[in-house]
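1. coords please:
(chains A and B)
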Amino acid sequence: GENVEQHPSTLSVQEGDSAVIKCTYSDSASNYFPWYKQELGKRPQLIIDIRSNVGEKKDQRIAVTLNKTAKHFSLHITETQPEDSAVYFCAAMMNRDDKIIFGKGTRLHILP
Amino acid sequence: EPEVTQTPSHQVTQMGQEVILRCVPISNHLYFYWYRQILGQKVEFLVSFYNNEISEKSEIFDDQFSVERPDGSNFTLKIRSTKLEDSAMYFCASRRDNRGTGELFFGEGSRLTVL
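-> Coordinates of the predicted model:
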């Protein structure tokens, strides 16, 4: 089955700097890659997603890139703000499957 | 905005007891899921449900677990005989369709504590 690896597990950046979180997936049949943000004690919420027919997608300060050949995808957050502090999970899904598999999460700390 | 709702928000039970966690998915969604998150760890897939039957399940979802959609709105997860290691946050989620994409909407979670 699909396996998603995510790193780093913890990331601290100065407010205003950029943060990058990287993930790799194992099954080349995966074709949908969402990113979820989970604030402390709350539910995961989708922040951006990308399909395998697209190499990059951007939404304001958040962007995701996908390299299908290398089977890795990354989340980029620019001009980080205190409210970006949270745990971020990458995930992958295959069209033929009916489940989304999550990475282990990255705890992002934005330092004042 | 429609939401996935879950009850109870927190349940404490004794080891060996049966627990039922309840979920009301978003009304026009067709795919339903249960995920588990042990404190500080990743969100783990348990089971997916479509067209009134299980479509996928993980190794975690053994014979102690079952799911049911008893009526048109509720989606339940039953743990027959709880173990200490079942202590976790259980998230219900739903999706409108399964065209290879489609946002997964999570409920607020049910925290299960097994003593």
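2. list the contacts for the residue positioned nearest the centre of chain B?
-> Nearest to the geometric centre of chain B sits B:Trp34, at 2.9 Å (C-alpha atoms, centre = their mean). For B:Trp34, the contact set (C-beta atoms under 8 Å, 6 or more residues apart in numbering or on different chains) comprises B:Leu21, B:Cys23, B:Leu46, B:Val47, B:Val67, B:Leu77, B:Tyr90, B:Phe91, B:Cys92, B:Ala93. All C-beta atoms are positioned from the backbone trio N, CA, C, and that covers glycine.
3. now the helix or strand hosting A:Leu108, how far from the centre of its chain.
-> When secondary structure is defined using DSSP states H and E, the element that contains A:Leu108 is strand A:106-111. Taking the mean C-alpha point of strand A:106-111 and that of its whole chain, the gap between them comes to 13 Å (C-alpha atoms, centre = their mean, to the nearest Å).
4. got it, and stretch A:31-44?
-> Between the mean C-alpha point of stretch A:31-44 and the mean C-alpha point of its chain there is a distance of 8 Å (C-alpha atoms, centre = their mean).
5. same question, stretch B:24-44
-> Here the centre of stretch B:24-44 is set off from its chain's centre by 5 Å, with C-alpha atoms, centre = their mean.
6. would you map the strands across chain B?
-> B:5-7, B:10-13, B:19-24, B:31-37, B:43-50, B:53-57, B:65-68, B:75-79, B:88-95, B:105-106, B:110-114 (DSSP state E).
7. can you lay out those as a markdown table showing mean pLDDT?
-> Conversion of the strands of chain B to a markdown table gives the following (pLDDT from 0 to 100):
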| stretch | mean pLDDT |
| --- | --- |
| strand B:5-7 | 96 |
| strand B:10-13 | 97 |
| strand B:19-24 | 97 |
| strand B:31-37 | 95 |
| strand B:43-50 | 93 |
| strand B:53-57 | 91 |
| strand B:65-68 | 96 |
| strand B:75-79 | 97 |
| strand B:88-95 | 95 |
| strand B:105-106 | 93 |
| strand B:110-114 | 97 |
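8. one step back: between the contacts of B:Trp34, which sits nearest A:Ser30?
-> The nearest member of the contacts of B:Trp34 to A:Ser30, counting by C-beta to C-beta, is B:Ala93 at 18.3 Å.
9. from A:Ala86, how far off is that closest one?
-> 18 Å (C-beta to C-beta, to the nearest Å).
10. do B:Ser27 as well
-> B:Ser27 is 29 Å from A:Ala86, where distance means C-beta to C-beta.
11. noted, bye for now.
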